[in-house]
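# This is a predicted model, with the sequence first.
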Amino acid sequence: GTQMGLDAANPRAYTDAKAASASGAASTGNGNVNGHIIRVAEAGGESAATAFTWDVYLFGAQSDADPTRINLSALTADQDFSSPDGIAFSRATGLCWIQTDDGAYTDATNCMMLAAIPGKVGDGTARALGYTRADGSTLTVQTPTGKVPAAESLKRFLVGPVDCEITGLAETPDGKALFVNIQHPGESITAANVADPSKYL
């Protein structure tokens, strides 16, 4: 079912096994487990345009994931992420702030916010991903992708406490101070441990 649903805008299908939980069971997810960000450029730069071009700006992935099928943006350990859920652009600096609400990569790190230089649609290349269907035939999915981010164009800015979601921000007019919303931190912390700061790391 997932293989038949693949297309240029959703080109990945893979499994991500999380570390075993306290109960000893490991949870897994299938499909586009870590998510991605699609960029759109309206024709002529007009918001009322009826045509546009697009590409996949960034593919969320763990840095050590397969670079040919999963970590297509070649993310490093300093910039890997999963489940991008919020995006804001700074009026002062032009930076793109990416916020995560993740359940797939939280066995390794908490939800986070990254600072990115957004680039432009078409600054990368097309990638072809091949899959083998159940009948043995091959499905090839071709998708436009953004330029692979360098260390200076994509960085992890902050990591939140356990169980949180990074959601929303405001900045001062000069862009020198940010106010970042940390939603529901420690939601799985028991009442007995609520005063123990080590449980929130």
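Okay, I see it.
# which one is K155 nearest to, not counting chain neighbours?
Nearest residue to K155, sequence neighbours excluded (C-beta to C-beta, 6 or more residues apart in numbering): A115, at 5.3 Å. Every C-beta, even on glycine, is put in place using the N, C-alpha and C of the backbone.
# which stretches of this protein form strands?
Assigned by DSSP state E, the strands in the chain fall at 14-17, 28-31, 36-42, 52-59, 84-89, 96-100, 112-116, 126-132, 138-144, 154-159, 165-171, 178-183.
# Deepest-packed of those strands, please.
Sort those by mean neighbour count, taking mean count of other C-beta atoms under 10 Å, and strand 96-100 sits at the top with a mean of 24.
# what is the mean pLDDT for that one?
The pLDDT scores in strand 96-100 average 97.
# tilt between it and strand 178-183?
20 degrees (axes from the mean of the first three to the mean of the last three C-alpha atoms, to 10 degrees).
# tell me how far strand 96-100 is from the chain's mean position?
Remark: strand 96-100 is offset 9 Å from the chain centroid, using C-alpha atoms, centre = their mean, to the nearest Å.
# By mean pLDDT, which helix or strand of this structure comes out lowest?
Ranked by mean pLDDT, DSSP states H and E, the weakest helix or strand in the chain is strand 28-31, scoring a mean of 67.
# what's across from E42 in the sheet?
E42 has these beta-bridge partners by DSSP bridges: F52.
# how about it, what does it touch?
A49, A51, F52 (C-beta atoms under 8 Å, 6 or more residues apart in numbering).
# Redo the residues you listed as a markdown table? Include pLDDT and distance to G124.
Formatted as a markdown table, the contacts of E42 follow (pLDDT from 0 to 100; distance: C-beta to C-beta, whole Å):
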| residue | pLDDT | distance to G124 |
| --- | --- | --- |
| A49 | 95 | 22 |
| A51 | 97 | 20 |
| F52 | 97 | 17 |
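# nearest to L139, of these?
Distance to L139 across the contacts of E42 (C-beta to C-beta) is lowest for F52, with 25.9 Å.
# that older thread, any chance of the strands of the chain in JSON lines, with distance to K199 too?
Formatted as JSON lines, the strands of the chain follow (distance: least, C-beta to C-beta, whole Å):
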{"stretch": "strand 14-17", "distance to K199": "25"}
{"stretch": "strand 28-31", "distance to K199": "25"}
{"stretch": "strand 36-42", "distance to K199": "32"}
{"stretch": "strand 52-59", "distance to K199": "31"}
{"stretch": "strand 84-89", "distance to K199": "24"}
{"stretch": "strand 96-100", "distance to K199": "21"}
{"stretch": "strand 112-116", "distance to K199": "19"}
{"stretch": "strand 126-132", "distance to K199": "40"}
{"stretch": "strand 138-144", "distance to K199": "41"}
{"stretch": "strand 154-159", "distance to K199": "16"}
{"stretch": "strand 165-171", "distance to K199": "17"}
{"stretch": "strand 178-183", "distance to K199": "15"}
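# Fine by me, we can end here.
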